[in-house]
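Peer 1: just a sequence and a predicted model for now, questions to come.
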Amino acid sequence: LPEVLSQVYLIGTAHVSQKSADAVRQLIRQVKPSHVYLELDAERAAQLRANAKEDPLASKLLHAIAKPGSMGATVIQMLLNKLYEAMRAAGFVQGAEFIAAIEEAERMGAKIVYFDRD
């Protein structure tokens, strides 16, 4: 079998950091990879792309601590919505580095590979 040499670039990110998103974009533009691997499942990627208002983690937390539809669940959901609204206003975009990677990979024609469990 022929020997195949590949280079792998691994970048650590903060999930609510615009700096991380910018670093991801820059690396993909510089390297021009054939594949971009994301520690993300396809369903979560679709949610991020759609800019879903409800965060799945927040939803799971909400269901774990309050009965769905109850007054407590409504209050918790309102508080979480305000928290995420404030974070977005301050420039923290949850999953911005994933969105940046997907957009850059598509722009360059790189294959996107999701390798997280759903």
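Peer 2: On my side now, so go ahead. Residues are numbered from 1 along each chain as shown.
Peer 1: what sits against the most centrally placed residue in the chain?
Peer 2: In the chain, the centroid-proximal residue (CA atoms, centre = their mean) is Gly95; its distance is 2.9 Å. Residues near Gly95 by CB atoms under 8 Å, 6 or more residues apart in numbering: His15, Arg44, Leu48. Every C-beta, even on glycine, is put in place using the N, C-alpha and C of the backbone.
Peer 1: the last one - how many residues pack around it?
Peer 2: In other words, Leu48. 18 (other CB atoms under 10 Å).
Peer 1: repeat that for the second one.
Peer 2: Close neighbours of Arg44, defined as other CB under 10 Å, add up to 19.
Peer 1: test my guess that it contacts Arg117.
Peer 2: No - counting by CB atoms under 8 Å, Arg44 stays clear of Arg117, with 10.3 Å between them.
Peer 1: before we move on, the earlier item: report the separation between the residue nearest to the centre of the chain and Lys19.
Peer 2: Separation of Gly95 from Lys19 (CB to CB, to the nearest Å) stands at 14 Å.
Peer 1: what does Ile99 give?
Peer 2: With CB to CB as the criterion, Ile99 and Lys19 are 14 Å apart.
Peer 1: which one's more surrounded, the two?
Peer 2: Neighbours were counted for Ile99 and for Lys19 using other CB under 10 Å; Ile99 has more, 18 against 12.
Peer 1: in contact with the more buried one, which residues?
Peer 2: Ala21, Leu48, Arg49, Val93.
Peer 1: and what of Val113?
Peer 2: Taking CB under 8 Å, 6+ apart as the test, what Val113 contacts is His35, Val36, Tyr37, Leu38.
Peer 1: and His35, its phi and psi?
Peer 2: Dihedral pair for His35: phi -130, psi 140, per degrees, to the nearest 10.
Peer 1: show the end-to-end separation of stretch 86-101, please.
Peer 2: 24 Å (CA to CA, to the nearest Å).
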